[in-house]
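S.K.: Here's a sequence, model it:
(one chain, ligands or ions: 1)
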Amino acid sequence: MYDLIIRNGTIVDGSGMPRYRGDVGIEGGKIAAIGKIRESARETIDADGHIVSPGLIDAHTHMDAQVFWDALGTCSCWHGVTSVVMGNCGFSLAPCGEKDKLLVMRNLERAEDISPEAMQAGIKWSWTTFAQYLDAVDRLPKGINYAAYMGHSALRTYVMGERAFDEEATTEDLQLMRDELRAGIRAGAIGFTTSRTTNHQTPDGRPVASRIANWDEVRQLVGVMGELGAGIFEIAGEDTGVEGPRLDNYLGRLKSLAVESSVPVTFGMFSSRRAPNYWRRYFETADETAAAGGRMFVQVHSRSLNVLLSFETNMPFDRIPAWREIRRLPLAEQEAALRNPETRRKLVQAANERAPGERAVGAEARGANYNWIFPLDRPTPPYRSIAEIAAAESKDPVDVMIDLALAKNLKKFFMQTLVNENQDHVLEMMKHPRSVVTFSDSGAHVSQIMDSSLQTHVLSHWVREKEALTLEQAIRLLSFVPAYHWGLKGRGLLREGNFADVIIFDPDRINPQLPELTYDLPAGARRLKQKSDGLLATVVNGQVVLRKNEHTGAVPGKLLRGPMAQA
Ligand SMILES: [Zn+2]
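M.R.: Here you go, the predicted structure:
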């Protein structure tokens, strides 16, 4: 008698090996049998016509705060994800005592667009050290599994207080940081992360704390993991320019760090229309690092990286003085203003004059380039740019955007592409043997981007529509490969004895839905939300958590502790 049998499905097991029909028997949270199962079970799912595969793993999220108010891990869980890694880019909520929580939230607020009101209302602070934070996450009800990095900005702020935002660390500061990092890794932190990018700023335009650190501080902290022989290092990299000595210097430092410390080094990488082959240098460095005895792997996305624009959230015109007054109004009043011909004429004129403004960072809306703004009418490409539509209709592009938005009472999304414009490059990067397809940023940029669907985008766009990847290849990229790199033992493959994280989906229907805006964060804060079609069931540690993406009430997710704390 099994707890659960998934019958008659087509099994794609995560290894990349070809599919086959069979049943999956689950007992005690683990996969007990795969093949033709004659026994019965307390619960059966008929998976006829469906794919049965390992739950997907997203290793680049910022769910550190969200896990306290959203057990399920939305929106990732709605796209087949059953395990996430949080604490990326130097941002974690620990170590930090409650009295200093506003300092840590300052690191997160602008850099990751997480509402401080939501964090204040939604988090019951019960820790100071990272080990205590892990225990707090461990106790929470969870729909999916979570692993957590310790973030440099939090660690630095914990040791240095306000000084973390403008001073170099003293020898004593560094010693205290090393001690807390060592304790955190021993308690089960999966690694350590930092940010050195100018995209990460506080609300008052200052660098987040980790950016003040010199490279020796980074080396010494990564060295703690090297000494312990545990932990992964993730970095939001330096702004080196696209070529030249700064880039060479940075990549040389990254390579030396990986080789000398023996700590795996990972970072996200995009292609860019401004420097189409820039990303290749990073992959070459990963190859060179491996040849020299280190490990380096590159996190890549599955499509172009887009800011979602809308009158309900952010528009490219928001920094233009003539627009500011209007954009502060409730949506209905903005609509009325845009329907007034005289007001509209002035706004269009102002938008075309291009007022200079404060530089946009991170995933904030940029000034408009109409070749790279697209109405979001369907969940996957092709899309037509505003510039193309304007040319075809002989209209001003600003008028095109306003008309499209007014037709939906301003509840209309546009995509503003920042990077990864060239889809041939996107595919080439996904297929690179040192890549891992992950980068949802789930839990962050909550009103700016919505990339929790990058996994269902792979399955719908690249597998079904483009036939550029087989389903076997795609599932491997989204399950086994991240499980391997992050050392998530017993996950990412359907194997007898492995944890029963399983998804069942219709390969002909799996598709992201269009995103929407909701106000469901604590304190009523807003966020973008996106679900998918085609998922029949999501099983975590042997329990059905979602049926057709509706929560069953089960909360079988676990804290996945790093290697030094595994039982
Ligand atoms: Zn990040």
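S.K.: And the average pLDDT for stretch 498-505 is what?
M.R.: Averaging pLDDT along stretch 498-505 yields 98.
S.K.: Measure how far that stretch is from the centre of its chain, please.
M.R.: Taking CA atoms, centre = their mean, to the nearest Å, the mean C-alpha location of stretch 498-505 is offset from the chain mean by 21 Å.
S.K.: Number of residues surrounding residue 300?
M.R.: 28 (other CB atoms under 10 Å). Any C-beta I mention is one placed from the backbone N, CA and C, and that applies to glycine too.
S.K.: Distance check, the closest residue to residue 460 other than its chain neighbours against residue 532.
M.R.: What sits nearest to residue 460 in space, not counting adjacent residues and going by CB to CB, 6 or more residues apart in numbering, is residue 511, at 4.4 Å. Using CB to CB, to the nearest Å, residue 511 is found at 6 Å from residue 532.
S.K.: Then residue 545?
M.R.: From residue 545 across to residue 532, the span is 15 Å (CB to CB).
S.K.: Tell me which of these two has more neighbours.
M.R.: It is residue 545, of residue 545 and residue 532, that has more neighbours when counted by other CB under 10 Å, with 27 against 24.
S.K.: contacting residues around that one?
M.R.: Residue 545 sits next to 72, 77, 82, 143-144, 538-539, 551-552, 554-557 when contact means CB atoms under 8 Å, 6 or more residues apart in numbering.
S.K.: all helices for the stretch 201-350 of the chain, in order.
M.R.: Counting by DSSP state H, counting those that start in this stretch, one finds helices in the stretch 201-350 of the chain at the ranges 215-228, 245-261, 278-291, 321-327, 331-339, 341-353.
S.K.: Please verify my assumption that residue 136 contacts residue 129.
M.R.: No: using CB atoms under 8 Å, residue 136 is not in contact with residue 129, being 10.7 Å away.
S.K.: ok, back up a step: report the beta-bridge partners for the residue nearest to residue 460.
M.R.: When assigned by DSSP bridges, residue 511 has beta-bridge partners residue 533.
S.K.: hmm, back to that, mind putting the helices of the stretch 201-350 of the chain in JSON lines, mean neighbour count, distance to the ion and mean pLDDT included?
M.R.: Shown next, in JSON lines, are the helices of the stretch 201-350 of the chain (neighbours: other CB atoms under 10 Å; distance: least, CB to the ion, whole Å; pLDDT from 0 to 100):
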{"stretch": "helix 215-228", "mean neighbour count": "18", "distance to the ion": "17", "mean pLDDT": "98"}
{"stretch": "helix 245-261", "mean neighbour count": "17", "distance to the ion": "17", "mean pLDDT": "97"}
{"stretch": "helix 278-291", "mean neighbour count": "18", "distance to the ion": "16", "mean pLDDT": "96"}
{"stretch": "helix 321-327", "mean neighbour count": "15", "distance to the ion": "27", "mean pLDDT": "92"}
{"stretch": "helix 331-339", "mean neighbour count": "14", "distance to the ion": "30", "mean pLDDT": "97"}
{"stretch": "helix 341-353", "mean neighbour count": "14", "distance to the ion": "31", "mean pLDDT": "94"}
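S.K.: what's the neighbour count on the residue in the stretch 401-550 of the chain positioned nearest to the ion?
M.R.: In the stretch 401-550 of the chain, the residue that lies nearest the ion is residue 441 (5.2 Å; CB to the ion). Using other CB under 10 Å as the criterion, residue 441 is surrounded by 27 other residues.
S.K.: can I assume it is in contact with residue 60?
M.R.: Yes: here residue 441 reaches residue 60: they are 6.5 Å apart, a contact under CB under 8 Å.
S.K.: worst-scoring helix or strand of this structure, pLDDT-wise?
M.R.: In the chain, the helix or strand scored least confidently by mean pLDDT, DSSP states H and E is helix 101-112, which has a mean of 83.
S.K.: what helices or strands is that one leaning on?
M.R.: helix 116-122, helix 152-160 (3 or more CB pairs under 8 Å, 6 or more residues apart in numbering; DSSP states H and E).
S.K.: Quick check: closest non-adjacent residue to residue 151.
M.R.: Using CB to CB, 6+ apart and skipping residues adjacent in sequence, the residue nearest residue 151 is residue 92, 3.5 Å away.
S.K.: Quick one, grab the pLDDT at the one you found.
M.R.: With respect to pLDDT, residue 92 scores 96.
S.K.: doesn't residue 156 make contact with it?
M.R.: No: using CB under 8 Å as the test, residue 92 is too far from residue 156 to be in contact (11.3 Å).
S.K.: near the ion, which residues of this protein?
M.R.: With CB under 5 Å from the ion as the criterion, the chain comes near the ion at residues 88-89.
S.K.: hey, what's in contact with both of residue 511 and residue 532?
M.R.: Taking CB under 8 Å, 6+ apart as the criterion, residue 511 and residue 532 both touch residue 456.
S.K.: hmm, back to that, overlap of the contact sets of residue 441 and residue 60?
M.R.: Contacts common to residue 441 and residue 60, judged by CB under 8 Å, 6+ apart, are residue 88.
S.K.: what number of residues lie near whatever residue of the stretch 201-350 of the chain ends up closest to the ion?
M.R.: Closest residue of the stretch 201-350 of the chain to the ion, CB to the ion: residue 236 (6.1 Å). By other CB under 10 Å, 21 other residues sit near residue 236.
S.K.: Thank you kindly, that will do.
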